[in-house]
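Colleague: next one to model:
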Amino acid sequence: MFWDLKMKYKIIYQNNNKLFSKIIDTQNLKTENLPKNVIKIKRVYSDFFTKKKSISNKQIYQLFYEIDMMLQANININNALNIICKNRKSNVLKQFCKELLDSIQSGNGLSIKYENFIIDKSVINFFNLINKKGNINLAISTLVKLLQFDLQMKNELKKAFSYPFVLLITLCLCFFSIFYFVLPTFENLINSNAIKSNYATILLFSFKHFLENNILFLLLITIISIIGTLLFYKFNSKFEYFINKTLFLYIPFFSLYIKTFELYKLFIVLNILQNANYEFHDTLCSANSLIKNKYLLDKIALIKNLLKSGKTISYSFDYSNLFDDLVLNLIQTGEHSNKMNIVTFEIEKIYKQKYESRVKSLSFWVQPIVFMLIVGLILWLIIAIFVPMWSMSDMIKY
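Modeller: Just a heads-up that it's a prediction; the model follows:
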C-alpha cells in the first residue's frame with residue numbers, strides 16, 4: 001500500500017568468521033537483499049526521548065583526514081585512533097573514536113552503535129562497504145576523498161546562491177514592511193474617498209485585508225504541510241521515490257540541474273573507487289550504497305541486473321535512458337579498450353563542466369527574477385498609492 005511505513009531492523013551477520021551488524025530501513029524485509037550468514041534480525045524501535053549525538057560530515061571528514069595522514073606516515077589504525085581520541089575536546093567525537101577503536105580491536109572493522117549517533121547515511125553505508133572489502137587503509141583514503149568532494153559541492157552551492165538568497169530575504173522584508181507599515185498610513189485616506197482609487201489600489205488593499213484575516217491560518221497550513229510532507233517523505237519509500245523522480249525529471253530547468261548534479265556525483269564515486277583498485281562492477285555495486293536519490297538508485301539497480309544477465313556495459317547504460325550519446329560512446333570505447341578507469345575520469349570531467357554551467361545559469365536567472373519581483377512590488381505600490389495622490393493634488397491645484 002502507498003501508506004505503508006518503513007520499519008528499522010538491525011541485521012547481525014557473520015563474514016570471514018567475524019560478526020558484523022547493519023541497520024536497514026524497509027517496508028518489506030522479504031524484498032531486501034540481506035547479507036549471507038544472517039545470525040539475528042532485530043526490530044529497532046524509534047525512541048523519541050533518547051537524545052542522539054549529531055556528527056556532521058565536516059567533523060567526520062576532519063577526523064578521517066587526520067587518520068589518513070597518520071596511516072600514510074605508517075602509524076597503524078589502532079595508534080592513530082588512540083592519538084586522535086586523546087586530542088579531541090568534543091566528548092561526542094571522543095565517544096565516536098572510542099567505539100571505532102573498540103570495534104577494530106574486536107575484529108569487527110569500522111563499526112559503531114549507530115543508534116547513539118546521527119550520521120549521514122552515506123557514511124554508514126561506506127563503513128559497511130569498508131568492512132566487506134577489508135583494506136581499511138585504502139578505504140579510509142577513499143572515504144576522505146568522497147567527503148572532501150561532498151563538502152566542496154556544498155560550499156560551491158552556498159557561494160552560488162548566497163546572493164540570490166539575500167535578495168529573496170530582501171523581497172520578503174519589503175513585502176511585509178509595505179503591508180504592515182506603509183499601507184496602514186494611507187488606509188484612512190483611501191477609505192475616506194478623498195482620492196479616486198484605481199484597480200491597483202483596490203487589489204492592494206483587498207490583498208492586505210485578506211492577509212490580516214487569514215495570516216495565522218495560512219502560516220499554520222504551511223507549517224503543517226511542510227512537516228507532514230517531510231515526515232511522509234522520511235517514512236514512506238514510495239512517496240520518497242515519487243519526489244525523487246519528480247525532481248529528477250519533471251521540473252523545468254531545475255530538473256536538469258538535479259540530474260547533472262546526481263550523475264556528476266555518481267561518476268565522482270565511480271572514479272574514486274576505481275582509483276582505489278575496485279573493479280568496475282564492484283564500483284557500481286558500491287556506488288549503489290553511496291547514492292541517495294531513489295530514482296537514480298532504481299536505474300543503477302537496472303544496470304546491475306542487466307550486467308548480471310550477461311549484457312555489455314554499454315548496452316546496460318544505454319538501456320537505462322540516463323546518459324547522452326557522448327557519455328555512451330565513451331563507455332563503449334572504455335569497454336572495448338578495457339580502460340574504464342580512464343573513461344570514468346573523462347566522464348566525470350564532462351559532468352563537472354555541465355554541473356558548473358548549470359549552477360552559474362541557475363544563479364544567473366534567480367538573481368534577475370527576484371530583483372524584478374522587488375521592482376514589481378515597488379511599482380505596484382507607486383501605482384496603487386502615489387498615482388491617486390498625485391491626481392488629488394492636481395485637482396486641488398486647479
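Colleague: which element is residue 229 on?
Modeller: Using DSSP states H and E, residue 229 sits within helix 199-235.
Colleague: quick one, whichever helix or strand comes after that helix and helix 199-235 angle?
Modeller: Per DSSP H and E, the first helix or strand lying C-terminal to helix 199-235 is helix 237-249. Using axes from the mean of the first three to the mean of the last three C-alpha atoms, to 10 degrees, the direction of helix 237-249 lies 130 degrees away from that of helix 199-235.
Colleague: avg pLDDT for helix 237-249?
Modeller: Average pLDDT, helix 237-249: 91.
Colleague: go on, stretch 105-118?
Modeller: When pLDDT is averaged along stretch 105-118, the result is 71.
Colleague: can you list the buried residues in stretch 71-80?
Modeller: 71, 77, 80 (16 or more other C-beta atoms under 10 Å). C-beta coordinates here come from the backbone N, C-alpha and C atoms, glycine included.
Colleague: not counting sequence-adjacent ones, nearest residue to the first one?
Modeller: The spatially closest residue to residue 71, leaving aside those adjacent along the chain, is residue 137, at 5.0 Å (C-beta to C-beta, 6 or more residues apart in numbering).
Colleague: so that neighbour makes contact with residue 73?
Modeller: No. Applying C-beta atoms under 8 Å, one finds residue 137 not in contact with residue 73, separated by 11.5 Å.
Colleague: tell me where the chain has strands.
Modeller: Ranges of strands within the chain are 7-15, 18-26, 38-44, 53-54, 117-118, based on DSSP state E.
Colleague: and those strands as JSON lines, adding distance to residue 278 and mean neighbour count?
Modeller: Shown next, in JSON lines, are those (distance: least, C-beta to C-beta, whole Å; neighbours: other C-beta atoms under 10 Å):
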{"stretch": "strand 7-15", "distance to residue 278": "18", "mean neighbour count": "16"}
{"stretch": "strand 18-26", "distance to residue 278": "19", "mean neighbour count": "16"}
{"stretch": "strand 38-44", "distance to residue 278": "25", "mean neighbour count": "12"}
{"stretch": "strand 53-54", "distance to residue 278": "30", "mean neighbour count": "12"}
{"stretch": "strand 117-118", "distance to residue 278": "27", "mean neighbour count": "14"}
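Colleague: closest to residue 388 out of those strands?
Modeller: strand 53-54 (55.3 Å; C-beta to C-beta).
Colleague: which ones are touching the residue positioned nearest the centre of the chain?
Modeller: Most central in the chain under C-alpha atoms, centre = their mean is residue 292, positioned 7.5 Å from the mean C-alpha point. Residues near residue 292 by C-beta atoms under 8 Å, 6 or more residues apart in numbering: 121-122.
Colleague: backbone phi and psi for it, please?
Modeller: When read as degrees, to the nearest 10, the backbone of residue 292 gives phi -100, psi -30.
Colleague: so for residue 318, which of the strands of the chain sits nearest?
Modeller: Per C-beta to C-beta, nearest to residue 318 of the strands of the chain: strand 18-26, 30.5 Å.
Colleague: and that closest one, how far from the chain's centre?
Modeller: 23 Å (C-alpha atoms, centre = their mean, to the nearest Å).
Colleague: neighbouring strands - and their directions - for that strand?
Modeller: Next to strand 18-26 in the sheet, as set by DSSP bridges, lie strand 7-15 (antiparallel).
Colleague: quick one: mean pLDDT for the strand it pairs with?
Modeller: Throughout strand 7-15, pLDDT has a mean value of 76.
Colleague: quick one: that strand to strand 38-44, angle?
Modeller: 160 degrees.
Colleague: okay, and the helix or strand of the protein with the least pLDDT?
Modeller: Of all helical and strand segments in the chain, the minimum by mean pLDDT, DSSP states H and E falls on helix 387-397, at a mean of 62.
Colleague: hmm, back to that, can I get the strands of the chain in JSON lines including distance to residue 325?
Modeller: Shown next, in JSON lines, are those (distance: least, C-beta to C-beta, whole Å):
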{"stretch": "strand 7-15", "distance to residue 325": "42"}
{"stretch": "strand 18-26", "distance to residue 325": "37"}
{"stretch": "strand 38-44", "distance to residue 325": "44"}
{"stretch": "strand 53-54", "distance to residue 325": "44"}
{"stretch": "strand 117-118", "distance to residue 325": "42"}
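Colleague: show me the contacts for the spatially closest residue to residue 241 that is not a sequence neighbour.
Modeller: Spatially, and ignoring its direct neighbours in sequence, residue 241 is nearest to residue 294 (4.3 Å; C-beta to C-beta, 6+ apart). Going by C-beta under 8 Å, 6+ apart, residue 294 touches 237, 240-241, 244-245.
Colleague: and residue 10, by the same measure?
Modeller: Applying C-beta under 8 Å, 6+ apart, the residues contacting residue 10 are 21-23, 41-44.
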